[in-house]
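Asker: Got a predicted model here, sequence first, then my questions.
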Amino acid sequence: MSPAPYAADPERSRGREFPLDDRAMRGPRSAFQRDRDRIVHSIAFRRLRHKTQVFVAPDGDHYRVRLTHSLEVAQIGRVIARALGLDEDLTEALCLAHDIGHPPFGHAGEEALDAALADHGGFDHNAHTLRTLMRLESPYCDHDGLNLSWELLEGLAKHNGPVTAAPWALAQLDRSFPLALGDWPSLEAQVAALADDIAYDNHDIDDGLRAGFLALDDLLALDFVRDQFRSVAQRFPDAPRERQLRELIRGQIGLLVNDLIAETRRRLAHEGIDDIAEVRGAGHALAAFSPTLAVEERKLKAFMYERLYYHPDQLATAERAREVVAALFAALAANPTGLPPSWREALPEAEPQRSRHIADFIAGMTDRYAIDTHERLVGPVPEGLRNV
């Protein structure tokens with residue numbers, strides 16, 4: 001399929017923060033293929049396999065973590081991008097990288113670091129994704145960061161639309177390599193953000209049912225889910241319930257994907273979008289669910305927050321996780337000898353750089369490394385930190 005006129009074009013990329021050395025060009029890859037490969041080969045990406053998605057440090061092999069979630073988002077994103085004629089490599093790279101800035105224990109860890117940095121600008125996981133990719137993950141000899149394309153970085157910065165009040169980390173990076181934060185991002189970035197919604201809306205149901213935090217009868221109170229499950233039961237009446245539930249998840253993902261593709265095509269045609277500049281200047285999102293399905297998707301999200309993310313057991317576990325991260329920060333701030341030698345040697349003397357440096361170290365931890373480090377520096381972690 002030929003690229004659509006409104007797709008991001010790797011041949012017309014706005015470039016990278018640091019010029020590429022032609023001698024380092026390896027293989028016939030586009031700028032966006034190179035981005036994807038740099039992300040996949042990074043240490044920060046590998047660490048996602050031991051970072052919380054929904055359940056903290058799960059013992060079960062079948063629960064999702066940030067890595068498996070990111071792979072699932074990438075699969076959904078590529079399908080949508082291909083159908084719309086967008087650049088699949090840029091879409092995939094955005095999907096794979098979107099959660100790299102999450103600290104250990106997910107949003108609980110983020111809240112603890114935000115509180116620890118309250119006097120030093122706070123902590124935002126999306127801004128930290130950019131900070132990790134542009135400054136902290138540094139495998140190259142001649143510059144910091146992965147030196148990714150402008151299009152990849154601006155898509156990550158603006159995954160929810162234009163940024164009007166950039167956190168300190170993003171503001172610093174934008175001064176070094178301006179990302180047009182006030183404009184809408186590419187359609188590839190808009191699709192990647194919605195692919196994330198589709199993945200976690202539905203895969204978290206799968207994990208929640210598996211862990212016993214969700215009940216099918218409660219889910220069926222949602223019209224959207226009930227209609228899908230009724231269709232599954234009619235087509236496969238004799239199938240085991242576990243297989244019916246997996247078919248339900250697949251069906252819901254397919255419905256959302258097809259609706260998103262159809263509604264985005266309708267919007268592009270209605271507004272006569274002919275190039276990427278018009279995408280950026282549209283003033284609103286062009287990739288979207290239809291109005292009817294958007295309402296159902298919001299209801300599903302609200303249900304998941306009430307019944308899973310804010311489940312009393314989940315909240316109790318999140319509080320224990322916050323305690324662990326807060327204690328790690330306090331211990332390292334009081335006695336930086338607990339830092340690895342390379343991090344200790346680079347520790348700034350002045351604030352806010354000093355506290356931000358410690359937060360950078362903690363944010364890069366996996367769940368299990370945070371647990372091990374807490375036990376080494378502070379003592380045993382709170383009982384019940386793992387909830388599945």
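Answerer: Yes, it's here.
Asker: Dump the C-alpha coordinates for stretch 112-127 into CSV.
Answerer: Output of stretch 112-127 as CSV, limited to C-alpha atoms (Å, rounded to 0.1, in the frame of the first residue of the first chain):
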residue,chain,number,x,y,z
ALA,A,112,6.3,8.7,45.3
LEU,A,113,9.0,10.3,43.0
ASP,A,114,6.7,13.2,42.3
ALA,A,115,6.3,13.8,46.0
ALA,A,116,10.1,13.4,46.6
LEU,A,117,10.8,16.0,44.0
ALA,A,118,8.0,18.4,45.1
ASP,A,119,10.5,21.2,45.7
HIS,A,120,12.5,20.4,42.6
GLY,A,121,10.0,20.3,39.8
GLY,A,122,8.2,17.0,40.4
PHE,A,123,8.3,13.9,38.4
ASP,A,124,6.2,13.0,35.3
HIS,A,125,6.6,9.6,33.6
ASN,A,126,6.0,10.9,30.1
ALA,A,127,8.6,13.6,30.4
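Asker: So which residues make contact with that stretch?
Answerer: With contact meaning C-beta atoms under 8 Å, 6 or more residues apart in numbering, stretch 112-127 is reached by 99, 101-103, 107, 110, 156-157, 159, 166-170, 321-326, 329-330, 333, 351-352, 355-356, 359, 362-363. Glycine gets a C-beta too; all of them are placed from N, C-alpha and C.
Asker: Just the buried residues of the residues you listed.
Answerer: Among these, those classed as buried by 16 or more other C-beta atoms under 10 Å are 99, 101-103, 107, 110, 156-157, 159, 166-170, 321-326, 329, 355-356, 359, 362-363.
Asker: In helices, which of these fall?
Answerer: Secondary structure from DSSP state H places 107, 110, 156-157, 168-170, 321-326, 329, 355-356, 359, 362-363 of the buried ones among the contacts of stretch 112-127 in helices.
Asker: residue nearest the centroid of this protein?
Answerer: Nearest to the mean C-alpha position of the chain, by C-alpha atoms, centre = their mean, lies Asp99 at 2.8 Å.
Asker: residues in contact with that one?
Answerer: 48, 51, 66, 69-70, 125, 129 are the contacts of Asp99 under C-beta under 8 Å, 6+ apart.
Asker: can you rerun that using 6 Å?
Answerer: By C-beta atoms under 6 Å, 6 or more residues apart in numbering, the contact set of Asp99 is 66, 70.
Asker: Ok, His143 next?
Answerer: By C-beta under 6 Å, 6+ apart, the residues touching His143 are Phe18.
Asker: where exactly do the strands run in this structure?
Answerer: With DSSP state E, there are no strands along the chain.
Asker: Most distant residue from the centre of it?
Answerer: Most peripheral residue of the chain (C-alpha atoms, centre = their mean): Asp238, 37.6 Å.
Asker: Would you mind measuring from that residue to Arg250?
Answerer: To Arg250, Asp238 is 18 Å away according to C-beta to C-beta, to the nearest Å.
Asker: ditto for Leu117
Answerer: Distance, Leu117 to Arg250, using C-beta to C-beta: 41 Å.
Asker: Look at these two and report which has more neighbours.
Answerer: Comparing Leu117 with Arg250 by other C-beta atoms under 10 Å, the one with more neighbours is Leu117, at 19 against 14.
Asker: I'd like to know which helix or strand in this structure has the lowest mean pLDDT.
Answerer: None of the helices or strands of the chain scores lower by mean pLDDT, DSSP states H and E than helix 216-219, at a mean of 92.
Asker: Name the surrounding residues that touch it.
Answerer: Contacts with helix 216-219, where a contact means C-beta under 6 Å, 6+ apart, come from Val225.
Asker: which of the residues in that helix are buried?
Answerer: Leu219.
Asker: Alpha carbons of it, as PDB, please.
Answerer: Provided in PDB are the C-alpha atoms of helix 216-219 (Å, rounded to 0.1, in the frame of the first residue of the first chain):
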ATOM      1  CA  LEU A 216     -17.700 -11.500  34.500                       C
ATOM      2  CA  ASP A 217     -21.200 -10.700  35.800                       C
ATOM      3  CA  ASP A 218     -20.100  -7.200  36.700                       C
ATOM      4  CA  LEU A 219     -18.500  -6.700  33.300                       C
END
